[in-house]
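sequence first, then the predicted structure:
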Amino acid sequence: MSATLKLTHKAIGAEVRRGTYDAVVDGKRVGSVEMNDTLEMPVEPGRHTLQIRDGRMSSSTETFDAAEGEFVAFRCTGKRFLPIFLASFVVPRLALKLVRD
């Protein structure tokens, strides 16, 4: 039996970076998620990494543990505070944000 990773692309209010984000688990692209959509995928039990990307923009890499039969949920967004948004043009890994639900 495997665990399930759930990734939701949602922002509260206005979001400038509304594109489709690629989901990268353990360094491999496993799918994509559009604005106001959810991607669910099975993952093997154990420790994994998750990152979202949109061209050169990305989130930081998040590490998570998944137990057998467990749901692991993250929300992703391109909405950032103005200083971080401006800094993301120089440091692209600040552009997108992953939050564990």
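Done, it's in.

span of stretch 68-82 from start to end?
Stretch 68-82 has an end-to-end distance of 40 Å (CA to CA, to the nearest Å).

buried residues, that stretch. List them.
72, 74-80 (16 or more other CB atoms under 10 Å). Every residue, glycine included, has its C-beta placed from N, CA and C.

so for it, mean pLDDT?
Summarised as a single mean, pLDDT over stretch 68-82 is 89.

can you pull the contacts of Pro45?
Counting by CB atoms under 8 Å, 6 or more residues apart in numbering, Pro45 makes contact with 2-3, 66-68, 70.

tell me which of the residues you listed fall in strands.
Secondary structure defined by DSSP state E assigns 3, 66 of these to strands.

so of the buried residues of stretch 68-82, which ones are in strands?
Checked against DSSP E, the buried residues of stretch 68-82 include these in strands: 72, 74-77.

of these, closest to His48?
Val72 (8.4 Å; CB to CB).

run through the strands of this structure in chain order.
Using DSSP E, strands in the chain cover 3-9, 21-25, 28-33, 37-43, 46-54, 57-58, 62-66, 71-77, 97-100.

the bottom helix or strand of this structure by mean pLDDT?
Least confident helix or strand of the chain, by mean pLDDT, DSSP states H and E, is helix 82-87 with a mean of 83.
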